[in-house]
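Undergrad: how would this look folded up:
(one chain, ligands or ions: 2)
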Amino acid sequence: MLKLEHITKTYPGVTALNDVSLTFEQGEIHAILGENGAGKSTLIKIIAGAINPDPGGKIIFDDKIYTQMTPALSAQNGVAVIYQDINLVTPMTVAENIYIGRNFGHIYSKRRLNKMARELFEEFGFNLDPASPVERLSPANQQMVEIARAISNNARIMIMDEPTAPLAVNEVEMLFDIIAKLKDRGVTVIYISHRMEEVFRITERISVLRDGQFVQSLNTKDTNRQELVKLMVGRELNESFPVRKTPVGDVVLEARDLTGNSVEHISFQLRRGEILGFAGLVGSGRSETMELIAGAKKPDSGEIWVNGKKINVTSPAVAIAHGIGLIPEDRKEQGCILFNTVKFNTSLSAMRKLTKCGFISGRKNTAMAEKYREDLRIKVPSVNQMVVNLSGGNQQKVVLAKTLAADPDVIIFDEPTKGIDVGAKQEIYNLMNELVAQGKAIIMVSSDMEEILGMSDRIIVLCEGLMAGELPRERFSQENVLHMASGL
Ligand SMILES: Nc1ncnc2c1ncn2[C@@H]1O[C@H](COP(=O)(O)OP(=O)(O)OP(=O)(O)O)[C@@H](O)[C@H]1O
Ligand SMILES: [Mg+2]
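TA: Ligands and ions are numbered 1, 2, ... in the order given. I've put the predicted structure just below:
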């Protein structure tokens, strides 16, 4: 159905794709795997016509041969892309959004569009109201609108770039049902994800990229996780959670009855040397709680104590001054300044350490940025590169570097490995263990079940803005977490 031949894409200092050839069959669910920066998104953008490859390669649809695509040409050939981080902010309704820009030859009334949308939703089992404004929908529902638009456009090749990253457990199941229906209709699905269990569940074929090179295509049923990890990373990798033997020390942070920003009565203590996990469904108030502690939002009532002193966290800067650092979940909105360099972003919250008599030391700044580039394996030709040009996972690592550079005592990791590849995940876990061994304390919000069970010393579970309970290590299990998270 789609064939790529000898596709290369170079940027100054980076070969994003190097002579890649790949075939996609009709009606197959085909995963593309690779580490952060391997070239997955670049490949997709070339198929979608969002960027042009270097001359010399071919993109072949059925028997039509192209040297490069345009968005219109790609759509004509039935390609639809569901990009990660969907953000529909237009004042349009669901139905308008689906049928926008479509030339039916004549104009349809709102009512007609709603009816068409409703019929489509019924067929696919979507629970959406055609007349509701899209900007108010949850990420999962916005994604559904995008999928509905693609279906109504008769897409033959649906490309999904990390589609499950913003979804809750039940929403992931819904997406998988939709993917199965698409397959029944003969649609080819190209699926990118860093979550191996998903890849094994829904895909039939897997192609691996490493450092911009095509490594191998395999049938999913003929391979296993270990082999794939090796193909992606280029070496054997032990995926088990590193053992930690850090003694737990004094209380460093205490929240007393924090209320506001959609959460109520949040109370807990955090000790040095400890990793405290926060679990819960999407929308349970985990990130909202962290925003209160890190000064991004103000509570209506309640107290925050650090090292036995009550503090008044009025802004993120105040929180940082008290040794509280937040690595936010959303790298695009809160994490880093995309149109500035890796070096600049790394220095943002560490200004005090880099400044002498009001001047920033350029040398110290470069040294610090280089250290984190190495420690976190940030894939970038130079620390003077703009963050916007980095791959998704590498942007996430810059957000990590920015917070760590301020050397906080309490580090809040909100979904630390979302969009991070298997190899780098392991490095982040090792880094967290090193930090607590140094006497720091960590709060980790995570929707990744393996991660929250594997890394935490204790788990607090939130449900609908309230504390549903706390689990000590002896009671750790997926059932216990899910049970509490669903408010049972
Ligand atoms: N506009 C650009 N300028 C410079 N380099 C770029 C640009 N776009 C992408 N790159 C580089 O190309 C390489 C491949 O990036 P790509 O986004 O395709 O990776 P990816 O496989 O999607 O990674 P991830 O899993 O982190 O999303 C990266 O090293 C990236 O920094
Ligand atoms: Mg990507």
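
Undergrad: Across the sheet, point out what pairs with the closest residue to ligand 2 within the stretch 151-300 of the chain.
TA: Closest approach of the stretch 151-300 of the chain to ligand 2 (Cβ to the ion) occurs at Asp161, with a separation of 6.1 Å. For glycine as for every other residue, the C-beta is placed from the backbone atoms N, C-alpha and C. Beta-bridge pairing for Asp161 (DSSP bridges): Ile192.

Undergrad: next one: Ile411
TA: Gly325, Ile442.

Undergrad: Let me know the pLDDT of it.
TA: With respect to pLDDT, Ile411 scores 96.

Undergrad: nearest spatial neighbour of Tyr372, skipping sequence neighbours?
TA: Ala401 (3.6 Å; Cβ to Cβ, 6 or more residues apart in numbering).

Undergrad: Around ligand 1, pick out the residues from the stretch 251-400 of the chain.
TA: Lys379, Asn389, Leu390, Ser391, Gly392, Gly393, Asn394 (Cβ under 6 Å from any ligand atom).

Undergrad: Within reach of ligand 2, which of those are there?
TA: Ser391, Gly392 (Cβ under 5 Å from the ion).

Undergrad: Out of the residues of the stretch 251-400 of the chain next to ligand 1, the closest to Asp448 would be?
TA: Gly393 (14.4 Å; Cβ to Cβ).

Undergrad: Assumed that closest one was part of a strand.
TA: No. With DSSP: H, G, I helix; E, B strand; the rest coil as the criterion, Gly393 is helix rather than part of a strand.

Undergrad: What backbone torsions are found at the residue nearest to it when sequence neighbours are not counted?
TA: Residue nearest to Gly393 in three dimensions, not counting chain neighbours: Asn36, with 2.9 Å by Cβ to Cβ, 6+ apart. Taking degrees, to the nearest 10, you get phi -60, psi 130 for the backbone angles of Asn36.

Undergrad: Could you report the separation of Asn36 from Gln216?
TA: Distance of Asn36 to Gln216, computed by Cβ to Cβ, to the nearest Å: 19 Å.

Undergrad: The two: who's more crowded?
TA: More neighbours surround Asn36 than the other of Asn36 and Gln216, with 24 against 13 (other Cβ atoms under 10 Å).

Undergrad: Wait, that one touches Lys418, no?
TA: No. With contacts counted by Cβ atoms under 8 Å, Asn36 stays clear of Lys418, the gap being 11.7 Å.

Undergrad: Find the residues that touch each one of those two.
TA: Taking Cβ atoms under 8 Å, 6 or more residues apart in numbering as the contact criterion, the common neighbours of Asn36 and Lys418 are Gln396.

Undergrad: Now for the residue in the chain that ligand 2 sits nearest to, how many residues are close by?
TA: Closest approach between the chain and ligand 2, counting by Cβ to the ion: Ser41, at 3.2 Å. Ser41: 21 surrounding residues under other Cβ under 10 Å.

Undergrad: now do Glu28
TA: For Glu28, the neighbour count with other Cβ under 10 Å is 17.

Undergrad: hang on, it packs against Glu204?
TA: Yes. Counting by Cβ under 8 Å, Glu28 touches Glu204, with 5.2 Å between them.

Undergrad: ok so, going back, show me what contacts the residue nearest to Gly393?
TA: Lys379, Ser391, Gly392, Gly393, Asn394, Gln396, Lys397, Gly419, Ile420, Asp421, Ala424.

Undergrad: Now render those as CSV, adding pLDDT and neighbour count.
TA: Output for the contacts of Asn36, formatted as CSV (pLDDT from 0 to 100; neighbours: other Cβ atoms under 10 Å):
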residue, pLDDT, neighbour count
Lys379, 87, 18
Ser391, 85, 23
Gly392, 80, 22
Gly393, 82, 25
Asn394, 88, 25
Gln396, 83, 27
Lys397, 87, 28
Gly419, 83, 21
Ile420, 86, 23
Asp421, 88, 23
Ala424, 84, 25
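
Undergrad: okay, among these, which ones form the most distant pair?
TA: Greatest spatial distance in the contacts of Asn36: Lys379 and Gly419, 13.4 Å, computed using Cβ to Cβ.

Undergrad: just checking, Asp414 touches Glu291?
TA: No. Counting by Cβ under 8 Å, Asp414 stays clear of Glu291, with 9.1 Å between them.
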